[in-house]
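# Return a 3D structure for these sequence lines:
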Amino acid sequence: MACRFYLFFSLSILLFTPPSNSQSNQFCEAGIGYGEVGCGISSSTKLLIKGGTVVNAHHQEVADVYVEDGIIVAVKPDLKVSDDVKVIDATGKFVMPGGIDPHTHLAMEFMGTETIDDFFSGQAAALAGGTTMHIDFVIPVNDSLIAGLETYEEKAKKSCMDYGFHMAITKFDDIVSRDMEIIVKEKGINSFKFFLAYKGITYGQ
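Residues are numbered from 1 along each chain as shown. Have a look, this model is predicted:
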């Protein structure tokens, strides 16, 4: 997963230009997937974030960040690039990696209720605060892990940022054991949460 960078003022306010009334629909609309042209995302594959204070876990330095096809290629001062590269002047600003929220519940149905944020509204709010990826819990449907994943894949079609899945285990038997193997080998999900509470509750109906 490529690391995506956001520009911040010194008080950690996300850098953006507020839209005018005539531009109020410039942000992602529900149904436009992450990475599609539209959704406020440039189709350019080359980007230079120039002159900002790059903040990483081990240190910070004034440097340029060069990105190709969503992948950070180089981080160093005074990078020279070709004319086809889009340049963003980050002088006087922090350039920080986007955050990852590892525990979310978007469009989650539980005990006759549903969380108010779906995969669009929740992600849009997260992006406004500098979080660029989250990991959501997949709840089984009628105790089926496969049906639960298919349901959440459908919900996630509204996404406008990166996401991954944890899988909730609400009961355990041979069928669930087999489905866990499928989920790991074929779907790439290797994080599971076993519920030891809510006895007698049926999930995902």
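# what's the burial count for the nearest residue to residue 91 once chain neighbours are set aside?
Residue nearest to residue 91 in three dimensions, not counting chain neighbours: residue 51, with 4.2 Å by C-beta to C-beta, 6 or more residues apart in numbering. The way it works is simple: take the backbone N, C-alpha and C, and place the C-beta from them, glycine included. Residue 51 has 20 neighbouring residues, counting by other C-beta atoms under 10 Å.
# elements contacting whichever strand or helix holds residue 51?
Taking DSSP states H and E as the definition, one finds residue 51 inside strand 46-55. Contacts defined by 3 or more C-beta pairs under 8 Å, 6 or more residues apart in numbering; DSSP states H and E place strand 46-55 against strand 5-8, strand 60-68, strand 86-89, strand 94-97.
# which parts of the helix or strand just after the last one are buried?
Spelled out, it's strand 94-97. Using DSSP H and E, the helix or strand that follows strand 94-97 towards the C-terminus is strand 99-104. Within strand 99-104, the residues that qualify as buried are 100-101, 104, counting by 16 or more other C-beta atoms under 10 Å.
# Go through those residues and say which is closest to residue 116.
Within the buried residues of strand 99-104, proximity to residue 116 (C-beta to C-beta) peaks at residue 104, which comes in at 12.8 Å.
# worst-scoring helix or strand of the protein, pLDDT-wise?
Taking mean pLDDT, DSSP states H and E as the measure, strand 5-8 is the helix or strand of the chain with the lowest mean score, a mean of 42.
# Next secondary structure element downstream of the host helix or strand of residue 176?
Following DSSP H and E, the helix or strand that holds residue 176 is helix 174-187. Tracing the chain past helix 174-187, the next element assigned as helix or strand by DSSP H and E is strand 192-194.
# Packing partners of that next one?
For strand 192-194, the packing partners by 3+ C-beta pairs under 8 Å, 6+ apart come out as strand 162-169.
# Against which helices or strands is the strand it packs on packed?
Secondary structure elements in contact with strand 162-169, counted by 3+ C-beta pairs under 8 Å, 6+ apart, are strand 131-138, helix 145-155, helix 174-187, strand 192-194.
# If we use 10 Å, what do you get?
Using 3 or more C-beta pairs under 10 Å, 6 or more residues apart in numbering; DSSP states H and E as the contact definition, the elements that strand 162-169 packs against are strand 99-104, helix 121-128, strand 131-138, helix 145-155, helix 174-187, strand 192-194.
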